[in-house]
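Enquirer: I would like to see how this sequence folds:
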Amino acid sequence: MDLKTQRRLAAAILKVGTGRVYFHPDALEDIDEAVTREDVRRLIADGAIAPRPIKGTSRHRARKRALQRKKGRQRGHGTRSGTKYARASRKRRWINTIRPLRASLREMRDSGGLDAGAYRRYYRMAKSGMFKDKAHMESYIKEKGVE
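Expert: Reported below is the predicted structural model:
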């Protein structure tokens, strides 16, 4: 039983490729007898011929990987392809460092931990790049006995 013609007609009517045309196994005799487009349309209406669903690509692995990366995994030397500054520009790196420092200083000043003079001094130190991160700055301030 050669159903190439019926498959082609059904694909044209359903607006899918021939690979996505599904023939119900119990209705193969009826499908074989269908010779016109009208016959094929009737079989589609009856459910003997139907389009297969689109497969698509699963995002499961991608989501899992993203979750791991969020935790800091899978970021070692073997994964990297860009240079250090292609991955994050110098400016972006600086922004990511300085904003928390300034926010922390502002918080200390507003809560009364720092007076205006000390705030300005540490602000300038942060601006000059003296502190590598927030923890470093806070330990330095604590060490100097201001807080």
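Enquirer: quick one: low-confidence ranges for the protein?
Expert: Along the chain, the model assigns pLDDT under 70 to residues 146-147.
Enquirer: most remote residue from it's center?
Expert: Relative to the mean C-alpha coordinate of the chain, counting by CA atoms, centre = their mean, the farthest residue is residue 33 (49.8 Å).
Enquirer: okay, and the closest residue to that residue other than its chain neighbours sits in which element?
Expert: Excluding its sequence neighbours, the residue lying closest to residue 33 (CB to CB, 6 or more residues apart in numbering) is residue 39, at 7.4 Å. Just so you know, the C-beta spots here come from the backbone N, C-alpha and C atoms, and that holds for glycine as well. Residue 39 belongs to helix 37-46 when elements are defined using DSSP states H and E.
Enquirer: what residues sit buried inside that helix?
Expert: For helix 37-46, the neighbour count (16 or more other CB atoms under 10 Å) marks 40-41, 43-44 as buried.
Enquirer: ok, now stretch 129-147?
Expert: Buried residues in stretch 129-147, counted by 16+ other CB under 10 Å: 131, 134, 137-138, 141.
Enquirer: possible to save those as TSV with secondary structure and distance to residue 21?
Expert: Compiled in TSV, these are given as follows (DSSP: H, G, I helix; E, B strand; the rest coil; distance: CB to CB, whole Å):
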residue	secondary structure	distance to residue 21
131	coil	67
134	helix	62
137	helix	67
138	helix	67
141	helix	73
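Enquirer: could you single out the nearest of the residues you listed to residue 49?
Expert: The shortest approach to residue 49 among the buried residues of stretch 129-147 belongs to residue 134, at 65.5 Å (CB to CB).
Enquirer: mind checking the SS state of the nearest residue to that closest one once chain neighbours are set aside?
Expert: Excluding the flanking residues, the one nearest residue 134 by CB to CB, 6+ apart is residue 100, at 4.8 Å. Secondary structure, DSSP: H, G, I helix; E, B strand; the rest coil: residue 100 is helix.
Enquirer: what is the burial count for residue 100?
Expert: Other residues near residue 100 come to 14 when the count uses other CB atoms under 10 Å.
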